[in-house]
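> Next input, structure requested:
(one chain, ligands or ions: 1)
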Amino acid sequence: MSGKTILVWFRNDLRIHDNEILLEATRKADKILPVFCFDPFYFSPSNYGLQKTGSIRARFLLESVADLRLQLRSLGGELLIANGDPADLIPRLAQQYQVSEVYHHREVAAQETAISEAVETALWKIKLNLRHFIGHTLYHKEDLPFPIKDIPDSFALFKKKIERDSNVRPCFETPTCIKTPEITDPGSLPTLAELGINLPLDDPRADFSYLGGETTALQQMHRYIQSLDNSNQTKNSKNQAENPSRLSAWISLGCLSQRMVYHEALKHTLGTSASGSTLINELLWRDYFRFMFKKYGSQFFNAEGFKGVAPEAACNQQYLFEQWTLGHTGIPYIDAAMHELNATGYISNFKRQAVAAFLVNDLKVEWLKGAAYFEEKLIDYSPASNWGNWAFIAGVANDTRDDRFFPGAKQSAKLETASDFISTWLPDVSGQLAIV
Ligand SMILES: Cc1cc2nc3c(=O)[nH]c(=O)nc-3n(C[C@H](O)[C@H](O)[C@H](O)COP(=O)(O)OP(=O)(O)OC[C@H]3O[C@@H](n4cnc5c(N)ncnc54)[C@H](O)[C@@H]3O)c2cc1C
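Residues are numbered from 1 along each chain as shown. All right, here's what the predicted structure looks like:
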C-alpha cells in the first residue's frame, strides 16, 4: 500500500460488522474516508402530497448514523457527515482527500440506482472509479443457481431451488482498526428541523421502542433469537406471526446484515434445517423481492404492474384514501391498524396485508397511493419489500398465486381487534397525547 485512500460511501449499510466495502477498503488502502450524505431528495415531497420520509423513520436514521459514527470511532476512525446531493459531495470530498477509489453497495430500485449513476458519472469526470459491491441480500447474486433473468417468479420455486442449490456465504470479519485521513470538519448530525421534519410524538400505547443503530440492532437480534430458543418458536410459523422479530427497521437501513441474522438463527435452530426456520423463511421473502426488482426493474412501480391493466378504481379516490390514512373507515380492525401505523411506524405483516387489501379491494383506491403512504410512514421502509408486497396484494405482480397473501375484499369486517389503537390519540394543548 502506498498512501492510498478509499472513500467508503455509506448508504443503507450503516454497520461495521459483515460489511464487505468497509473490510475491503481497509485491506486495499492505508486510509479510508467513511462518508454519509443526508440527501435532501429523501426529505422532499413524494407523490400525492406525501413525504418520502416521515418523522419516525427520519429519527431512526439519525440515531443509526450517530451510532455508526461511534462504531467507527471505536475502531480509531471517523465518519464524515455531509448534507447535500451525493453527486456533488462525493466527487468534491474525493478530490479534497485525494481519494483513489470510491466503494459503495449497489441498490436495486430506480431512484436509488439513479443516485449512484449520477455519482458514478460525476466521479468519472474526475477520472475516479465507483466500485459497486453486492451486500444487501442473504444469498449472493453470484451464487444463485440461475441467471437473474431466469429467477423463478414463483416464491415457492425460488425458495426450493435456492435452498437446494446455493449456500449463504459466511459473514465478513469486522475490521479491527480504521485509519482515516486528517479530517478538518467531520460535520455534525443535522437536526430533524434542519431536515424539514417534525419531531415525532411517542405514543404511550406502543408496545415496542425502537432506537436506531447497529448497537441496538445486534441486541434485538440476540434477544429475539434467544427467545426463540427458549420457546422453540423457529419451528412454528403461527408463533412467528404473533411474535415478530421487529428486525426489519434495522435490516432496511443495513444496521444489521441479513446474513448475520441467518447464521445466528441457524446456530439456534437446534438441529432443525435452515428451511425449517420460519425466521429464515421470512428473510427469503426479502431476498425474493430484491431479486425480482433486479429482474424486472421499474415494472413494480406501475399501476398495471405485470397485468397490463390496473385494478378497478373508485371515482372519489382522494376522499377514500384520506379516510383510510386517518383510520376513519369504520372497520375497527383496519382503523386500529392505521392508527398504530401512524403512531409507531410499524404494523405486523398481517396488518399490512389487511390494510393494503382493504384499500385496494374494498375502497378501490389506486394501490400506488397506499404504497406511497407506507413509504412515508413505515420505520422499516425498503423499496423492493414495500412496492413488491403492494403489487402482490393489488394482484398486479408477476406471481399472484401464493396463498400467503390476504384473501381480498370484504374480509376485514370479519377480523376482530382488541388493539389499544382503536381510538385516535392526538396531542392536547400541553403536547401530551389525549384520546379523541
Ligand atoms: C403492503 C406491505 C408493505 C411492506 N413494506 C415493507 C417495507 O417497506 N419494508 C420491509 O422491511 N418490509 C415490508 N413488508 C414486509 C413485512 O411486512 C415486514 O418486513 C415485517 O412485517 C417486518 O416485521 P419483522 O421484522 O418483525 O418481521 P418478521 O416476521 O420477524 O420477519 C423477519 C424479517 O423477514 C423479512 N420479511 C418478513 N416478511 C416479509 C415480506 N412479506 N416481504 C419482505 N420481507 C419480509 C423482513 O426483513 C423481516 O425483518 C411489507 C409487507 C406488506 C404486506
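
> what does the stretch 301-436 of the chain have sitting close to the ligand?
By CB under 6 Å from any ligand atom, the residues of the stretch 301-436 of the chain that approach the ligand are 348-349, 352-353, 356, 374, 378, 380-382, 385-386, 389-390, 393. C-beta here means a position set from N, CA and C on the backbone, and glycine is covered the same way.

> got a list of what residue 31 touches?
By CB atoms under 8 Å, 6 or more residues apart in numbering, residue 31 lies in contact with 3, 4, 5, 6, 179, 180, 181.

> buried ones in stretch 95-115?
Residues 97, 99, 101-109, 112-113, 115 are the ones in stretch 95-115 that count as buried (16 or more other CB atoms under 10 Å).

> repeat for stretch 23-39
So, applying 16+ other CB under 10 Å, buried residues of stretch 23-39: 23-26, 29, 31-39.

> just stretch 201-208 next, same as before
Buried residues in stretch 201-208, defined by neighbour count with 16+ other CB under 10 Å: residue 205.

> So that it lines up with my notes, have the first residue be 752 from now on.
Shifting the count to begin at 752 puts that one at stretch 952-959.

> Can you give me the end-to-end span of it?
14 Å (CA to CA, to the nearest Å).

> which residues are in contact with the host helix or strand of residue 979?
Using DSSP states H and E, the element containing residue 979 is helix 965-982. Helix 965-982 has contacts (CB under 8 Å, 6+ apart) with 765-768, 815, 818-819, 821-822, 961, 984-985, 990, 994, 996-998, 1001, 1006-1007, 1011-1012, 1015-1016, 1019, 1021, 1030.

> Doesn't residue 786 lie inside a strand?
Yes - counting by DSSP: H, G, I helix; E, B strand; the rest coil, one finds residue 786 located in a strand.

> Excluding sequence neighbours, find me the nearest residue to it.
Residue nearest to residue 786 in three dimensions, not counting chain neighbours: residue 831, with 4.8 Å by CB to CB, 6 or more residues apart in numbering.

> close enough to count as contact, that neighbour and residue 783?
No - the criterion here is CB atoms under 8 Å, and residue 831 misses it with residue 783 at 10.7 Å.

> Okay, buried residues for stretch 794-811 please.
Result for stretch 794-811 [16+ other CB under 10 Å]: buried residues 794, 799, 801-811.

> swap in stretch 834-850?
Using 16+ other CB under 10 Å as the burial criterion, the residues of stretch 834-850 that qualify are 834, 836, 837, 838, 840, 841, 842, 844, 845, 848, 850.

> If we only consider those, which is nearest to the ligand?
Closest to the ligand out of the buried residues of stretch 834-850 is residue 837 (22.0 Å), distances taken as CB to the nearest ligand atom.

> Any figure for the gap between that closest one and residue 784?
Distance from residue 837 to residue 784, counting by CB to CB, to the nearest Å: 14 Å.

> and what of residue 890?
Counting by CB to CB, the separation of residue 890 from residue 784 is 31 Å.

> leaving aside the residues next to it on the chain, what's closest to residue 929?
Here the residue nearest residue 929, using CB to CB, 6+ apart, is residue 828, at 3.3 Å.

> what do you get for residue 895?
In space, and not counting its chain neighbours, residue 895 is closest to residue 917: 6.2 Å by CB to CB, 6+ apart.

> surely that neighbour meets residue 897?
No - between residue 917 and residue 897 there is no contact under CB under 8 Å: 9.6 Å.

> what about residue 876, neighbour count?
Applying other CB atoms under 10 Å, we find 8 other residues in the vicinity of residue 876.

> mind listing what it touches?
residue 842.

> make it 6 Å
Contacts for residue 876 (CB atoms under 6 Å, 6 or more residues apart in numbering) come out as none.

> Can you list phi and psi of it for me?
Dihedral pair for residue 876: phi -60, psi -30, per degrees, to the nearest 10.

> Check residue 782 too.
phi -130, psi 150.

> Quick check: beta-bridge partners of it?
residue 756 (DSSP bridges).

> any idea of the pLDDT on it?
Predicted confidence (pLDDT) for residue 782: 97.

> Equivalent analysis for residue 921, please.
97.

> Now for it, how many residues are close by?
9.

> part of a helix, is it?
No - Residue 921 sits outside any helix when classified using three-state DSSP, being coil.

> Tell me how far it lies from the ligand.
Residue 921 sits 20 Å away from the ligand, taking CB to the nearest ligand atom, to the nearest Å as the criterion.

> which residue sits closest to that residue in space, ignoring its chain neighbours?
Excluding the flanking residues, the one nearest residue 921 by CB to CB, 6+ apart is residue 1014, at 7.2 Å.

> downstream neighbour of the helix or strand harbouring that neighbour in the secondary structure list?
Element membership of residue 1014 [criterion: DSSP H and E] is helix 1009-1018. Later in the chain than helix 1009-1018, the nearest helix or strand by DSSP H and E is helix 1029-1047.

> List the contacts of that next one.
For helix 1029-1047, the external contacting residues (CB under 6 Å, 6+ apart) are 859-860, 888-890, 899, 902, 906, 909-910, 988, 991, 1009, 1013, 1016, 1025, 1135-1136, 1139.

> Okay, and which of these map to helices?
Using DSSP state H, the members of these that fall within helices are 906, 909, 910, 988, 991, 1009, 1013, 1016, 1135, 1136, 1139.

> give me every residue that touches the residue most central in space within the chain.
Centroid check for the chain by CA atoms, centre = their mean gives residue 1003 as the closest residue, at 2.5 Å. Residue 1003 makes contact with 1131, 1133 under the criterion CB under 6 Å, 6+ apart.

> On the three-state scheme, it is what?
Assigned with three-state DSSP, residue 1003 falls in the helix class.

> Which pLDDT value goes with it?
pLDDT recorded at residue 1003 is 98.

> quick one: it and residue 815, what's the gap?
10 Å.

> Relative to residue 1051, how far out is residue 1093?
Per CB to CB, residue 1093 is found 25 Å from residue 1051.

> quick one: low-confidence parts of the chain?
Applying pLDDT under 70 to the chain flags residues 752-753, 981-992, 1020-1027, 1151-1162, 1164, 1174-1187.

> you'd agree residue 816 is up against residue 787?
Yes - counting by CB atoms under 6 Å, residue 816 touches residue 787, with 5.4 Å between them.
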